[in-house]
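In: could you look at this predicted model? Sequence included:
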2 protein chains.
Amino acid sequence: MRLATILVSLPAVLALWPQPSSLSLGKGTLWIEENIKFEIENPEAWKRRSGTPVGLPTDLEIIENSIKTTKNAIFQQNFVPWKFHPRNASYEPPMSPKQTISKVSIRQATSKSKNPPTENKSMDEYYALSVTANGDVEISSSTGIGILRALTTMSQLFYSHTKGGKYTPFAPVVVRDSPKFEHRGLNLDVARNYYPVRSITHLIDTMSTNKLNKLHLHITDSQSWPLEIPSLPDLAAKGAYSPGLVYTPNDIREIQLHGALRGVDVFLEIDMPGHTSSIYYAYPELISSFNVQPEWTSFALEPPSGTLKLNSSKVDTFLEKVLADLSPRISPYTNYFHTGGDEVSQSAYLRDETVKTSEQLKLRPHMARFIKRNHDQLRKAGLTPIVWQEMLTEWMLPMEKDVVVQAWQGGSAVNLITQQGHKAIAGNQENWYLDCGQGDWLNPSGGKNSYPFTGCSPRKNWRMVYTYDPLDQVDAKNHHLVIGGEAHIWSEQIDHINMDPVVWPRASAAAEVLWSGPRDANGKDRDIQEAAIRLSEFRERMVAMGVMAEPIQMPFCLQEPHQCDG
Amino acid sequence: MRLATILVSLPAVLALWPQPSSLSLGKGTLWIEENIKFEIENPEAWKRRSGTPVGLPTDLEIIENSIKTTKNAIFQQNFVPWKFHPRNASYEPPMSPKQTISKVSIRQATSKSKNPPTENKSMDEYYALSVTANGDVEISSSTGIGILRALTTMSQLFYSHTKGGKYTPFAPVVVRDSPKFEHRGLNLDVARNYYPVRSITHLIDTMSTNKLNKLHLHITDSQSWPLEIPSLPDLAAKGAYSPGLVYTPNDIREIQLHGALRGVDVFLEIDMPGHTSSIYYAYPELISSFNVQPEWTSFALEPPSGTLKLNSSKVDTFLEKVLADLSPRISPYTNYFHTGGDEVSQSAYLRDETVKTSEQLKLRPHMARFIKRNHDQLRKAGLTPIVWQEMLTEWMLPMEKDVVVQAWQGGSAVNLITQQGHKAIAGNQENWYLDCGQGDWLNPSGGKNSYPFTGCSPRKNWRMVYTYDPLDQVDAKNHHLVIGGEAHIWSEQIDHINMDPVVWPRASAAAEVLWSGPRDANGKDRDIQEAAIRLSEFRERMVAMGVMAEPIQMPFCLQEPHQCDG
């Protein structure tokens, strides 16, 4: 029998999230004052606009914005870590003498990443951070994004003291860090429910704190078309849920620029040829099998049914116009464009007079043509296409090897994608669907006894998210083709009001898998019990920055380790 | 095949929640202006302090406060009901001519309730509300609480117009309404996680909007003792999670008074003899089997184990002091005090030197004495005891018939309680545990393969909450003993940050069952498809008042009925 009333604190543990590749720390206390200087060595060297021409902020702008965010995180957010020390323990450093951090030096250095990104050198995220015992902080990276990542880590070193002031009890600190995967994303469905721009930039801020770097906006779907296309004004005017609920070109630019400053690449998905019924409101002639009721289940997985006609010159002209309008506006900010391709209903093509068949063999050449046309146009605009896995796993379409394929059915799909020589974005509805477990949103028609009410249950507990390996089932020789993964926020029962607690901290569990890898330095699966406390501390930091993240354990379980092991 | 692009609005449906007993309405539009007069006829008649002596607000104070809340709900909260009309339909009334509500008359009347409350006449909630076609509003009830309920209903008649102003499209309106059950509650666990006072008053406000009237504060538990008892200052000073995380006498008074003004009776539970380990931090001699680790599962259902000794004069003296300190402060505001009694671990008494046995037969007389002592003291203080079902269903204790027994295992327990002649508060972990479905909060120790991560899955979807009948399995002759029910908010993975979306609108489903009954006027189970849209509208009203309630269906499913039937 072990008694829990230990009145002196256990050694403090530094709870960085995601865990850096290499970390060493001490037990010295350093304070930091609001007038701290962040000195950028040779600022001229950071003025390049890396890679892409206009639009994107310079490295210097990214760094200056990050310094502002970091100061805000350290000085404005109030995080006192009482939950992570034994009850009634005295864990805070004395108020004097005070050794204070003198300055933060930021300098450019050659990357030492073992895993440099394949897509874009300006996204190299390797960084080094050191805090000496006497208070010198040095940060280096080859890119502005790398400095941003370092500053994000730095902000997690500090706590609020109940008597005032901010301190770290971990000096000296040395961190060398770079991500395991270059594509670490969230997929947000802003079509089934509309998310105000501010809620999307709020999500980007939280992603940046989590070192996530890809926001995939699933921006149109059968239920609504909120994307304003100025050359086709009726599209959003009639297809949005309500006249005001649209994303204007300015909104898209604001979101992408906000992302660029926070190290989050924002790209768009127009899901097609399925998931397009909302086009019907403006252009009924382009859609087959629109909103068949009540027998919608024969034509779609969700109401309303409907699909773009597959062999229609009107559809071609329409899509050419959409992409021509959109591409030049978004390509300054991202390399990617997602053309969807999931959950195509073959029976919906029986009613499509341009193909009049539901046989896959007969539909396939049309589908191949449809996809290729879109992709060729995107390539000319400098964008790399992404598609959902079904284009390979169900339709077995021939596609050029630049096409990135996104899986949502886990390891076997990721393996197949990479076997075909495509880059893969991993994902798994069993682990990384954050929307599951709220129960069914469809109304049952069979009365009380037909209610299982489980939907895609169970809710994916953070540990279920945390234990998914993007390389699961993938042949070792193809590991290099798995560029990362995404967790999914499908919005049947989520909108901006409940987004935060649905997403956080469970998406943080995915963020650590993608940044740090699913195994520790010794090749072992990461320790759930250690992670539970560290993730809980990170949750408190998110709450302090205004994110309504849910708690994963009660304070009793966190005040001392191993009190809540099952 | 039915097409959904109907460009004229369907007849508007009035979405009151909970559904009133009797309702008739028209199709006339009335506007309401901010300078509207609420005229209280004969205010002197409302000045009585109904029933309980000091502390409680007068009926007049309740009414005046409700008028303020109602004006705020109508004029400050911006709810435009676009989600509940077909896409692109024009559903708003023209801006002129404007027929405006002239005044709201409030008067005292004899109750016509078929179901007057047994506990306290001042809680008679029957009310009548009428709005004439030319804009006279009349509200009547025999009590201040009844007027409050009427005003709550009235505020749900109005919408914001996108061009400015507030209107109702339902005039004339006649409502006659009273609740099916007199005890309509939520049980909030503020011990496993601490909830700031402001988050509790926020919960009370939302409860009031839902016509819920009982807030059961589960205010102490094994994990923490946040309740300050001035005569035993160490109790909270050492047993709270952290020094500041306590409820002072002023806090309790503020919460109870806030409740009284909003028609919500706030009562406290000190759960005992189990669920008391947190007393150990201040008074170790009172607790047996404290925080046995790692084999806690032999002594408790959750860590930390520990129980008040069962036959100890020190424990008796301690509890006498606690109740003597607390009772006079809380009894002006409530008739109830909950003494717990759930999940007692018999094995924890093997180590209790005052009884030294785990045999129920030998423990029972001690338990009976323990309970009776507490209850006798509470009765003398004018408080009616409540206990958890186990005291009857497992311990089969003889208790006086004034003791109200609370079930958490559903119909068979409720039936047994009422067969024993006790009043019952219904509850069912299968339907009314709002905390379930987040996955396990205990850390598994068996590695990846031991992870089901389901906890008390699944999450109780709103339909699961909505289809629970408090009278389920209860002999008809005992129905009158079921005074109502409570939904439960256990806080292993809930705190004030994620409370709103966990609780709302699912607790609203329970609120309608308890106010309106689980069956409609024709005795049929309520219609899920109708309720889904009405509850969604009520959710939007809650969001407009600042409650982060989750959506239950996407707008596509709400813009026209039956588009999302499964």
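Out: Ah, there it is. These numbers come from a predicted model, not from an experiment.
In: I'd like to know how far A:Phe38 sits from chain B.
Out: Separation of A:Phe38 from chain B (CB to the nearest CB, to the nearest Å): 31 Å. For glycine as for every other residue, the C-beta is placed from the backbone atoms N, C-alpha and C.
In: correct me if wrong, but that residue is in a helix.
Out: No: read with DSSP: H, G, I helix; E, B strand; the rest coil, A:Phe38 is strand and lies in no helix.
In: hang on, it packs against A:Ser102?
Out: No: between A:Phe38 and A:Ser102 there is no contact under CB atoms under 8 Å: 11.7 Å.
In: host element of the closest residue to chain B within the stretch 301-450 of chain A?
Out: Closest to chain B within the stretch 301-450 of chain A is A:Gly439: 2.6 Å, counting by CB to the nearest CB. Under the criterion of DSSP states H and E, A:Gly439 resides outside all helices and strands.
In: could you measure from it over to B:Lys214?
Out: From A:Gly439 across to B:Lys214, the span is 26 Å (CB to CB, to the nearest Å).
In: same thing with A:Lys321?
Out: Distance of A:Lys321 to B:Lys214, given as CB to CB: 60 Å.
In: between the two, which is the more surrounded one?
Out: More neighbours surround B:Lys214 than the other of A:Lys321 and B:Lys214, with 24 against 14 (other CB atoms under 10 Å in any protein chain shown).
In: check which helix or strand the residue nearest to that one when sequence neighbours are not counted maps to.
Out: Spatial nearest neighbour of B:Lys214, chain neighbours left out: B:Gly185 (3.2 Å); criterion: CB to CB, 6 or more residues apart in numbering or on different chains. Following DSSP H and E, one finds B:Gly185 within strand B:183-189.
In: wouldn't A:Ser66 be in contact with A:Ile147 here?
Out: Yes: with contact defined as CB under 8 Å, A:Ser66 and A:Ile147 form a contacting pair (6.5 Å).
In: where does the stretch 1-150 of chain A dip in pLDDT?
Out: A:1-12, A:49-54, A:119-121 (pLDDT under 70).
In: in it, which residue sits closest to chain B?
Out: Relative to chain B, the nearest point of the stretch 1-150 of chain A is A:Trp82 (4.3 Å; CB to the nearest CB).
In: what residues are up against that residue?
Out: The neighbours of A:Trp82, taking CB atoms under 8 Å, 6 or more residues apart in numbering or on different chains as the test, are B:241-242.
In: helices of the stretch 201-350 of chain A, start to end?
Out: A:234-239, A:249-261, A:313-330 (DSSP state H, counting those that start in this stretch).
In: so what are the domain limits for chain A?
Out: Domain segmentation of chain A under automatic domain parsing yields A:22-177, A:183-443+A:455-525.
In: end to end on the shortest one, go ahead and measure it.
Out: Read that as domain A:22-177. Distance across domain A:22-177, first residue to last, is 6 Å (CA to CA, to the nearest Å).
In: give me the contact list for stretch A:243-261.
Out: By CB under 8 Å, 6+ apart, stretch A:243-261 touches A:55-57, A:61-62, A:65, A:190, A:194, A:197, A:200-201, A:204, A:215, A:217, A:219, A:224, A:226-228, A:230, A:236-237, A:240, A:265-266, A:268, A:329-330, A:333-334, B:88.
In: are any of those buried, and which?
Out: By neighbour count, with 16 or more other CB atoms under 10 Å in any protein chain shown, the contacts of stretch A:243-261 hold A:55-57, A:61-62, A:65, A:190, A:194, A:197, A:200-201, A:204, A:215, A:217, A:219, A:224, A:226-228, A:236, A:240, A:265-266, A:268, A:330, A:333-334, B:88 as buried.
In: where in chain A is pLDDT low?
Out: Across chain A, the ranges flagged by pLDDT under 70 are A:1-12, A:49-54, A:119-121, A:446-454.
In: if we go to 80?
Out: Residue ranges of chain A with pLDDT under 80: A:1-13, A:48-55, A:111-122, A:445-455.
In: give the buried residues for the longest helix along chain A.
Out: Selection of the longest helix in chain A by residue count, based on DSSP state H, yields helix A:360-380. For helix A:360-380, a neighbour-count test (16+ other CB under 10 Å) marks A:363, A:366-368, A:370-372, A:374-375, A:377-378 as buried.
In: between helix A:313-330 and that helix, find me the angle.
Out: Taking axes from the mean of the first three to the mean of the last three CA atoms, to 10 degrees, one finds helix A:360-380 and helix A:313-330 inclined to each other by 30 degrees.
In: figure out how far helix A:360-380 is from the centre of its chain.
Out: Distance of helix A:360-380 from the chain centroid (CA atoms, centre = their mean, to the nearest Å) equals 28 Å.
In: I'd like the next helix or strand past that helix.
Out: Heading C-terminal from helix A:360-380 (DSSP H and E), you reach strand A:384-388.
In: ok, that next one: who's next to it in the sheet?
Out: When pairs are called by DSSP bridges, strand A:384-388 turns out to pair with strand A:336-338 (parallel), strand A:404-406 (parallel).
In: mean neighbour count added to those, as a markdown table?
Out: Shown next, in a markdown table, are the strands paired with strand A:384-388 (neighbours: other CB atoms under 10 Å in any protein chain shown):
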| stretch | mean neighbour count |
| --- | --- |
| strand A:336-338 | 24 |
| strand A:404-406 | 26 |
